[in-house]
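Structure of the sequence below:
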Amino acid sequence: MDSITIATSIQTAINVADKIAVLIRQSSKADKELLRLSNELLITLTNISRESLSQLAEMYSTREAHAMLEKKVVELEEWFEKEKPSYALKDICRDVFVYERRKIENSPEPQHWLCARCFDNNKKSILQRTGIDFKGTYYICHECNSPICDDSKKRQPNPGNNPRITWKY
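Below is the predicted model of the structure:
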């Protein structure tokens, strides 16, 4: 039995109980206990009806949310299938990986690196350079806060300068 049938049945029971209460009130020999019980039945059925309608509304709301989530999953899958071919996994230095935009002629989008962790989670987060020193060039992913050091691009310390200084951009 579905929710609509249950709600209809409850409404029918409420109508019958209401008619019984009216007949009992009109009867000169009405038993007060029978009247009290029919009123109690009517109140109970009304509460059940109200609760079932509330649950029915919640069920429809849940169905809508489920449909929206399914649509979002499809959109993310389509995005990933569209974006993935545009990037290649690159080993920028030992054990450090990023996704690099493939070179496309006449593309208005500049070359950039994406965070591998975020890209694998269907997020496109461009790595931002935060500094450079004698150990390498530092990047950060602002989505997952992953720090990356590209030690293949070390700067030789200038003898006149302190090699511990990090130049921030």
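
Show the end-to-end separation of stretch 78-95, please.
30 Å (CA to CA, to the nearest Å).

Next, the buried residues of it.
For stretch 78-95, the neighbour count (16 or more other CB atoms under 10 Å) marks 87, 92 as buried. In short, each C-beta sits where N, CA and C put it, glycine included.

And stretch 109-121, by the same measure?
In stretch 109-121, counting by 16+ other CB under 10 Å, buried: 113-116, 118-119.

okay, among those, which ones form the most distant pair?
Trp113 and Cys118 (11.2 Å; CB to CB).

List the contacts of the closest residue to Pro85 other than its chain neighbours.
Spatial nearest neighbour of Pro85, chain neighbours left out: Arg102 (7.8 Å); criterion: CB to CB, 6 or more residues apart in numbering. Each residue near Arg102 by CB atoms under 8 Å, 6 or more residues apart in numbering is listed here: 85-88.

Same list, those residues, but as CSV with pLDDT, secondary structure and distance to Ser54 please.
Below are the contacts of Arg102 laid out as CSV (pLDDT from 0 to 100; DSSP: H, G, I helix; E, B strand; the rest coil; distance: CB to CB, whole Å):
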residue, pLDDT, secondary structure, distance to Ser54
Pro85, 86, helix, 49
Ser86, 87, helix, 48
Tyr87, 90, strand, 48
Ala88, 90, strand, 53
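
just the helices in the protein please.
3-26, 32-83, 116-120 (DSSP state H).

Tell me which of the ones you listed sits most buried.
helix 116-120 (a mean of 17; mean count of other CB atoms under 10 Å).

and that helix, how far out from the chain's middle?
From the chain centre to the centre of helix 116-120 is a distance of 18 Å (CA atoms, centre = their mean, to the nearest Å).
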